[in-house]
Every structure is written in structure tokens, then in C-alpha cells.
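>>> Need a 3D model of the following:
(one chain, ligands or ions: 1)
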Amino acid sequence: MENDVIGPPNPLSRAPRGSSRPASTAQDNPRLLDSTAASGDVEMPDMCRSSDQAIMEEIMSELLPWVPLQQGVSAPKARRPAAFRDAAVRCGVVSQNGSDWVIDFWSGPSWPSAPTLAGEAIDRGEVVVDGEFAAIGIDSAQSGRDDAAWEMPNMAMLLSIGSQPAPAERLMSLAKAFGQWFRLRRDRRDNTRRLWQLSKMLQAAAQWQQVDGDEALLESIARCACEVLACERATIFLWDQGQHRLIGRPAIGIEGGVLEVDDREGIVGEVLQSGRPCWWAAGGDDEGRVNRRVDQAQQFHTRSLVAVPMLNSRHQIAGVFEAINASPGKDRGPVFDTSDADTLTELARHAVVAIDSQRTRVQLTRTRDRLVAQAAESNPLIGKHALIGELRKQAAKVAATDLSVLILGQNGTGKEVLAQQIHYHSERRNGPFVAVNCAALVESLLESELFGHEKGSFTDASGTRPGKFELAHGGTLFLDEIGDMSLGGQAKLLRVLEEHVVVRVGGSQTIPVDTRVIAATNQPLQELIAAKRFREDLFFRLNVVSLTLPPLAGRGSDVILLAEHFLAHFCREIGRAVPSLDESATRAMLAHPWPGNVRELRNTIERVSYLSDGDTIGEADLMLQGSESSRRNAVTLAGDGVAPDLQDATREFQVAHIESVIAACDGNMTKAARRLGLDRSNLYRKMRQLGMSTVE
Ligand SMILES: Nc1ncnc2c1ncn2[C@@H]1O[C@H](COP(=O)(O)OP(=O)(O)OP(=O)(O)O)[C@@H](O)[C@H]1O
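This is a model prediction of the structure:
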């Protein structure tokens with residue numbers, strides 16, 4: 001009969017079973033041939049909801065149909081196999097763990113010979129009988145799965161039904177059902193472990209985005225590998241291809257903290273060459289594969305390891321990730337397996353992304369710091385005068401706070417420069433510095449400029465645009481000429497300063513803003529408050545700290561310091577050797593009242609840098625208004641002999657001068673205003689005063 005020999009020999013039975021006891025096969029035990037039980041698969045229990053014990057009992061309860069076959073035993077009513085309790089049926093599952101046999105399940109009085117019979121059944125791949133017991137190996141083929149990647153342990157099912165013959169088919173289908181159950185149990189366990197590993201890895205990978213420093217990141221990655229793979233150590237070897245070296249970190253226990261190996265040595269070298277994961281465990285005949293020099297350097301003993309390649313975003317090998325010494329546990333021995341290699345490969349993918357993004361972050365941070373340093377240096381607050389020194393100190397103090405600052409001072413004294421000093425010395429230095437000239441904006445535009453607008457909120461609003469408050473988020477907003485802001489604008493500004501949210505024109509959503517405000521004015525705000533042109537509550541809001549810049553004429557020799565600074569700056573810009581200021585120029589500059597302050601000085605030096613030639617600059621080159629040389633020019637103007645009165649002469653001179661500067665700047669009013677030492681809005685105001693056309 002075909003059923004006599006059950007299944008092919010177990011392909012997975014490898015180790016000697018330690019069994020020398022002869023046992024009969026189905027052929028020589030006729031009791032096994034008289035199977036009366038129905039053949040076919042045992043229905044699988046619902047693995048997802050049942051506990052392991054419940055599943056095992058459910059499978060074993062399949063034995064119940066046999067129980068009435070035995071004399072003196074009646075069929076139980078409940079599903080619970082009373083026959084087990086009464087010891088009418090004795091059955092069990094035994095498995096081999098290394099050289100030991102473990103009884104996984106047993107009903108009734110134990111039977112010491114169970115392992116021997118189980119070993120026999122597994123070795124022979126058949127149902128074997130010994131006295132009242134019959135045994136069959138549970139293997140992967142019987143359990144409906146035969147892929148080599150899935151290994152069943154050596155496991156067998158044993159059954160005794162007393163005086164009745166044990167039907168072979170029934171025993172086989174029970175063993176098959178048990179195999180399926182075991183596979184599912186193992187899959188479920190593996191899936192649970194995998195889920196845990198994945199969530200651990202994702203958690204760790206999210207944290208790696210915030211880890212600062214190379215060493216800390218690699219340590220954190222290695223720690224994560226040890227945790228998810230349950231092993232003693234992990235090392236990340238980054239490949240220096242040019243030098244044929246692998247640099248391993250963290251280099252635990254190594255003096256100097258650097259673990260370097262040749263990229264052709266050891267298992268890591270194998271992984272690099274093959275691009276595939278490699279395993280190794282002590283006790284085999286391949287001891288030579290392991291680079292024991294690394295062990296010696298680390299005073300460590302490697303017993304097992306798994307190493308996988310680390311691929312970068314271009315799928316090139318960037319290094320090798322190695323986990324060492326698997327800790328034996330409930331579900332595995334002291335060696336790594338394929339699932340460990342899969343897990344380590346997954347972790348290596350996350351690690352490469354984290355290492356790459358940290359490098360990019362470091363580069364970006366360096367670039368940003370360089371740009372911030374350049375921006376801070378590009379507009380230094382020059383001056384050695386005691387008042388400037390004092391201002392510098394106060395600026396450094398307020399920079400450390402987030403207090404509102406009001407900077408006072410005449411036009412061109414350097415209010416914006418001082419505001420930048422505060423910004424670049426504050427914690428906000430990496431955020432933006434945004435400057436707005438409130439005088440240059442009519443009220444209708446001011447709100448949209450400061451707070452932004454939504455598409456279609458007014459005729460010209462063709463798209464949504466964030467305002468300056470939003471653009472300066474995380475940084476500083478410099479509101480220049482705050483005294484010129486309309487009362488309506490002041491009310492809206494006050495609301496934003498108090499609530500720290502903006503609502504775009506035409507919008508309804510509040511947008512939180514973290515923006516420090518530094519305001520500046522050349523106007524006497526107290527007088528404006530008295531004249532009801534400036535809100536007192538806004539003044540108090542802005543004037544938490546006030547800093548006043550002195551006029552340039554009151555800063556003594558700072559004039560020369562600034563002149564030399566500007567001269568060097570412009571000459572460098574135009575590629576000219578820096579000329580020196582002769583005594584007459586120095587004297588004239590010290591005597592000049594500088595009504596346009598530093599801006600006027602800067603413009604004067606800019607003009608001289610472009611127009612003068614020679615190694616020195618004299619008083620005549622400076623063409624300072626009101627100086628001897630400019631007076632000579634004034635006489636030339638009145639050359640027809642009919643001298644206009646002083647007021648007219650002044651007006652004519654101003655008109656002519658403004659016109660000539662605008663012409664020299666090709667009609668660029670911003671540039672012309674800068675050359676004239678004025679703000680653009682002040683230039684327009686001046687032109688209107690002088691009766692000049694302001695239509696561009
Ligand atoms: N102490 C200084 N060191 C170097 N440059 C300065 C200094 N003060 C002013 N400047 C330069 O002078 C010019 C005018 O400065 P700034 O715009 O800061 O003045 P302001 O007081 O804000 O003028 P306004 O009131 O007209 O807006 C700028 O080009 C600035 O770089």
C-alpha cells in the first residue's frame with residue numbers, strides 16, 4: 001500500500017539523533033495499516049486570535065474521533081479532550097534543540113523513550129512504531145512549505161491509543177496540521193519581532209535627523225543595531241576607496257578612537273568585494289576569514305558576525321555595517337541568520353540616509369554661518385569715539401534679549417547699521433534681517449507691504465504675497481522712519497506687536513509671526529505724540545530700549561576713520577590703488593559740519609574714488625559744500641554780475657545740483673538720493689519743496 005511509507009526522507013534531518021534503538025516502520029506494523037479515520041487536512045485554527053496553548057489543544061482535539069475506538073472509553077461531549085486527561089490517549093510533540101530533546105507538548109504520563117522514537121521517525125522520514133507508540137517527523141514538506149529558506153527544527157509527533165491500532169493517515173494529517181501550525185506560529189513570532197524592529201528603526205532614524213556631530217550619529221546607529229539585532233556590538237565601516245581603507249566607528253576600546261582596516265581584509269573586505277551580506281560563526285573550519293587583529297585591538301572576542309554592504313543613493317558601496325556576537329535567546333541561538341542580515345540591510349539604508357543628510361546639513365550650516373559672518377562683516381559699525389563705543393556695548397546687551405529697540409538719530413547717522421549689529425549679535429542672526437522704510441510707503445500700500453495680501457484683495461493683487469513681518473519670521477524687522485507712518489498704519493502695527501499674529505490683506509487666517517522689531521526715526525517722537533501724530537501706546541511698545549546715534553560732526557576723528565574705510569572699500573570695488581588723504585583733506589573733513597552725516601561722507605568718498613586721480617586726495621577733490629572750493633564754484637554760478645538774493649541763490653544751487661546728480665545717475669532716483677545723502681522719500685519731498693517736477 002502506498003500509505004505504508006509516509007513521505008520522503010526528511011531533507012532537513014542533519015544531526016545524528018543519538019538513537020540506536022531499533023524501531024519498526026509502518027510496513028512491519030499492521031496496526032498502522034488499518035486506518036479507519038478519515039484522511040485529509042486538519043482544519044487550521046484561527047492563529048490570529050488564539051493563544052499558542054489554545055491552538056495546540058485545538059489541533060490535538062482532532063484525536064477525539066479515535067477515542068470511541070478504544071474499549072471502555074466513551075466519546076466526550078465537550079470539545080476539550082477528556083481522553084487526554086484520562087490518559088486513554090497519550091500523545092505529544094518533541095523537538096531537538098542542538099543536542100538536547102525538548103518535550104513541547106505531552107498528554108498523560110510521560111514516556112522517557114519519546115526522543116529516541118522521534119529521532120528515528122525523523123531520520124527515516126516514515127511513521128515508525130515502538131510498542132504502543134507511533135511517531136512521525138513533522139517536516140516542512142508535510143507542512144505544505146518546502147522552500148529551503150524556511151527550516152523546521154527536528155520535531156516529531158508521537159501518539160498512543162492504547163490497545164487500538166494508530167491509523168497512519170490520521171497520524172500523518174495530524175503531523176501536517178501541526179507543521180502548519182508551527183510554521184504560522186513561527187511566522188507570527190517573526191512578524192511580531194520584525195514589526196518591533198521596524199518601529200525601533202523608524203523611531204531611531206527620526207532621531208538621527210536631529211543628532212549633532214558625526215561621532216554621536218554613528219554611535220546612535222550602532223546602538224540601534226545592537227538593540228534590534230540583540231547583539232553585543234555593531235560597527236559602521238566607511239570606505240575610503242582612494243586609500244583602500246575602511247574606517248570603523250564607533251571604535252570602542254581603541255586608543256585614539258580610530259579603527260582602520262585594509263579594505264581587502266576579513267569579512268568586511270569580503271562584503272566590499274562581493275557587495276553581498278556575509279555571515280560567520282566560530283567553531284567552523286573558516287576561522288581564517290575573521291580579522292582577529294581587530295579583536296586584539298579592541299580586546300574583544302568575536303564569536304559570530306553578520307556584515308552587509310551600505311549603499312549610497314547612487315547604489316554604490318559606501319561602507320560595510322557589521323553586527324557582532326548574537327545574544328542567544330528564546331527564539332534563536334548564538335548565531336545570526338538571514339533575517340538578521342535583512343534587518344541589518346534595512347538599518348544600513350536608514351543609516352546611509354542619516355549620514356548623508358548629516359553631511360549635507362553640516363555643509364549647509366557651514367555655508368550659512370559663512371554667509372551670516374560675511375553679511376555681519378559687510379556693514380560694520382566703524383568708530384572709536386566714546387559714544388560709539390558705548391553704543392556698541394549697549395547693542396551687544398540688547399542683542400542678547402528680544403526686547404523692542406527704538407534707534408534715534410539724524411538721517412545718515414547709521415541707524416540701520418546699528419540695527420544690523422543688534423541682529424547679527426543676537427540669537428536670530430541665522431534668520432533674515434528685513435528693512436522697511438515706512439516713509440516710502442503710502443498708507444494704502446503699507447498694510448500690504450507689512451502684512452502681505454491674498455490674491456485679488458485689491459486691483460493690483462494678482463497673486464498671494466507674504467508681508468515683511470512673515471518674511472522676517474525668525475529674524476528681525478527694521479522699521480525705518482517710523483515717525484512717518486500714518487496713524488492707521490500705527491494702529492495695525494501695534495496690534496501685530498501685541499498679538500504676534502498677522503492677517504494678510506483680504507485674508508481671514510491669522511498667521512503667527514516670531515519677528516523682533518527694531519524701529520528707527522530721525523523725528524522727535526515726543527513732539528509728534530503731543531501733536532497727536534504718533535500714538536503714545538505704540539511709542540511705549542517700541543521704546544523699551546532706546547539708543548541714540550550722535551551726528552557725525554560730533555564724533556571727532558571718527559570722520560577720518562570712516563573716510564579711510566570707505567576709500568578702501570570703493571577703491572577695492574573699482575580696482576584702484578588706495579590713495580591717501582592729505583593734510584588739507586583731513587582738516588577740511590574734520591571742520592565740515594556733515595549735515596548728511598555718515599551717508600554724506602560715504603557719498604563724498606565714493607565720488608572722490610571715482611573722479612579723482614593720483615596718490616593723494618586733497619581738500620579740492622572732496623568738493624565739500626561750504627568749503628573754500630565750493631564757495632569758488634558758487635561765485636562762478638553768479639557770473640553775470642546780477643547777484644540773486646541768498647535764498648534764490650541757494651534754491652538755484654540746490655535745483656542745479658539735484659538735477660546734475662539725477663542726470664549723473666541716469667535718472668535712478670534711489671542712487672541719486674544716496675549720492676545726495678538723502679533718503680529717496682526725502683529727496684522727493686525736497687524736490688517738491690523746490691518746485692521741481694517729481695514725475696519720473
Ligand atoms: N558707523 C558706521 N560705520 C560704517 N558705515 C556707516 C556707519 N554709519 C553709517 N554708515 C553708512 O552710512 C550709510 C547710511 O547709514 P544708515 O542707512 O544706517 O543711516 P540711517 O541713520 O539709517 O539713515 P536714514 O535715517 O536716512 O535711513 C550707509 O551706507 C552705512 O553703511
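
>>> Thr510 reaches His500, doesn't it?
No. Using Cβ atoms under 8 Å as the test, Thr510 is too far from His500 to be in contact (9.6 Å). Backbone N, C-alpha and C define where each C-beta goes, glycine included.

>>> show me what contacts Glu443?
Applying Cβ atoms under 8 Å, 6 or more residues apart in numbering, we find Glu443 in contact with 486, 488-489.

>>> Quick check: the gap between the closest residue to it other than its chain neighbours and the ligand.
Spatial nearest neighbour of Glu443, chain neighbours left out: Ser486 (4.2 Å); criterion: Cβ to Cβ, 6 or more residues apart in numbering. Distance of Ser486 to the ligand, computed by Cβ to the nearest ligand atom, to the nearest Å: 18 Å.

>>> again, but for Val578
Val578 is 17 Å from the ligand, by Cβ to the nearest ligand atom.

>>> Under a three-state scheme, what state does that residue occupy?
When classified by DSSP: H, G, I helix; E, B strand; the rest coil, Val578 comes out as coil.

>>> What's the separation between it and Gly618?
The spacing between Val578 and Gly618, counted by Cβ to Cβ, to the nearest Å, is 15 Å.

>>> Compare these two and say which is more crowded by neighbours.
Counting neighbours by other Cβ atoms under 10 Å for Val578 and for Gly618 shows that Gly618 has the greater number, 18 against 14.

>>> Quick check: the residue of this protein nearest the ligand.
Closest approach between the chain and the ligand, counting by Cβ to the nearest ligand atom: Gly414, at 2.5 Å.

>>> Was I right to think that residue contacts Thr548?
No. Taking contacts as Cβ under 8 Å, Gly414 lies outside contact range of Thr548: 11.4 Å.

>>> for Val513, phi and psi?
The phi/psi pair for Val513 (degrees, to the nearest 10) reads phi -130, psi 140.

>>> quick one: contacts for the residue lying closest to it once chain neighbours are set aside?
Of all residues not flanking Val513 in the chain, Phe469 sits nearest, at 4.9 Å (Cβ to Cβ, 6+ apart). By Cβ under 8 Å, 6+ apart, Phe469 lies in contact with 450-452, 477, 496, 502, 513, 515.

>>> want to try JSON lines for those, with pLDDT and neighbour count as columns?
As requested, the contacts of Phe469 are exported to JSON lines (pLDDT from 0 to 100; neighbours: other Cβ atoms under 10 Å):
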{"residue": "Leu450", "pLDDT": "92", "neighbour count": "25"}
{"residue": "Phe451", "pLDDT": "91", "neighbour count": "24"}
{"residue": "Gly452", "pLDDT": "90", "neighbour count": "24"}
{"residue": "Leu477", "pLDDT": "96", "neighbour count": "26"}
{"residue": "Val496", "pLDDT": "92", "neighbour count": "19"}
{"residue": "Val502", "pLDDT": "92", "neighbour count": "26"}
{"residue": "Val513", "pLDDT": "94", "neighbour count": "21"}
{"residue": "Thr515", "pLDDT": "94", "neighbour count": "22"}
